[in-house]
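> show me how the following folds:
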Amino acid sequence: MIRWAPTDAHERRLVITSASMRVVLGLACLTLLPLAYPRTAAIRTWLVVYVAISAATMVLIIRRLGGMPRTIASGIYDIATITLVVHYAGSTETVLLTVYVFAAILTVIAIGPGIGMLIAVGSSGVFGLLLVAEQMGWTPLAPTATSHAAAATWAVVTSLTVLSTSVIARLMKRVLDHEDALERTTHRLEEVNRELEEANARLAQQSEVDPLTELYNRRYIMSRLEHELARVRRGAQLGLAMLDLDRFKLINDRHGHQRGDELLQAVARSLRDAVREVDIVGRYGGDEMVVVFVDPEPAELEAVARRLVRVVRDTTTPFDEEAAVTVSIGLALAHLDDDAASLIGRADDATYEAKKAGGDRVVRADAQADDPGAMVGAT
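Now for the predicted structure:
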């Protein structure tokens, strides 16, 4: 598997760490190597350039520049530097030969098994060319061992390099495969979680919304009323209108239940459009609907309710002009000691009075007995 660039924060930190180690090793070679191997002082300029290139490489990695060309160029320059240091330190007689193995392992870890193995094999080949060049007298320094000793040294270094990088590469491949599998599993889990959230949202909506009219259902209305009544006890206002359609049964009898459903849907849309966004419109059951007025102006409630009577009449008339469906509305203002049942009960009683008076009108609860204006027509 070849990774052309760091694909996540962890791998990016790994590559930056590798570049940082190049800088540290380059500085160590500049300061300590001449003390142990005086002949390496001749390549001080090369080491200075190596440190500068390593620092520049780290900047490119941090800025996400260069990609694989930068990685390959760094690997080639690493091999050239190691080979030059080994040559001046004594190619077959120095412990610095282990740097080939270390560098190969580090390369595999930093950039992945594929390119890492290629660079490791390449470094062994370059070391072999160095030994051949020494034996042939093509290098500045004479060989430090016989041809047989040089061949044995190359075989040992190559074997250790290839074996160690192969083991690390296999381990890295398994780690990367596990990471890919984990990433796929995580992605799938995220998809499942999204699907579950969407399903839960649909279920929540279905538990609160009437499927025919798309108004809130009775369960939601009762729950919301209790919540709003708690606010009433803290000083808020709350109004409730119970709406019962007049002569709705005639629509079903004369035009069929599908036409009746269409009328209910049209009335539901009209009611939603006729009230404020903060108000709550729901289907209480059958052809009964509810409007909860949140923080209304009490003096304006009757005018709003009369407007709803007109809205319903205008909406339903096209369905049957000869027997137009109208609405009876019972209007109640919440008391401090109300619960949902008592508030609905008073509004329902007022609706019954409106219906008994002929429908197509509003009756306000709690005032029928002593207030001549309690029963209000639509017009």
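
> report the residue spans of the stretch 151-300 of the chain with pLDDT below the cut-off.
By pLDDT under 70, the stretch 151-300 of the chain contains no weakly predicted segment.

> tell me where it has strands.
Along the stretch 151-300 of the chain, counting by DSSP state E, counting those that start in this stretch, strands occupy 238-246, 280-285, 288-294.

> tell me which of these is the most buried.
Each of these was scored by mean neighbour count; the highest is strand 238-246, a mean of 25, by mean count of other Cβ atoms under 10 Å. The C-beta positions use only the backbone N, C-alpha and C, and glycine is treated the same way.

> partners of that one, with directions?
strand 288-294 (antiparallel), strand 326-333 (antiparallel) (DSSP bridges).

> now those in JSON lines, with distance to T83?
Conversion of the strands paired with strand 238-246 to JSON lines gives the following (distance: least, Cβ to Cβ, whole Å):
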{"stretch": "strand 288-294", "distance to T83": "82"}
{"stretch": "strand 326-333", "distance to T83": "94"}
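
> where do the helices of the protein begin and end?
9-36, 44-62, 67-90, 98-111, 113-136, 147-208, 218-232, 248-255, 257-274, 301-316, 340-356 (DSSP state H).

> L106 is nearest to which of the strands of the stretch 151-300 of the chain?
When the strands of the stretch 151-300 of the chain are compared by Cβ to Cβ, strand 280-285 sits nearest L106, at 67.0 Å.

> so what does that closest one touch, helix or strand wise?
In this structure, strand 280-285 packs against helix 218-232, helix 257-274, strand 288-294, with contacts taken as 3 or more Cβ pairs under 8 Å, 6 or more residues apart in numbering; DSSP states H and E.

> and with 10 Å instead?
helix 218-232, strand 238-246, helix 257-274, strand 288-294, helix 340-356 (3 or more Cβ pairs under 10 Å, 6 or more residues apart in numbering; DSSP states H and E).

> save those as a markdown table, and put in distance to V51 too.
Output for the helices and strands packed on strand 280-285, formatted as a markdown table (distance: least, Cβ to Cβ, whole Å):
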| stretch | distance to V51 |
| --- | --- |
| helix 218-232 | 70 |
| strand 238-246 | 77 |
| helix 257-274 | 73 |
| strand 288-294 | 72 |
| helix 340-356 | 79 |
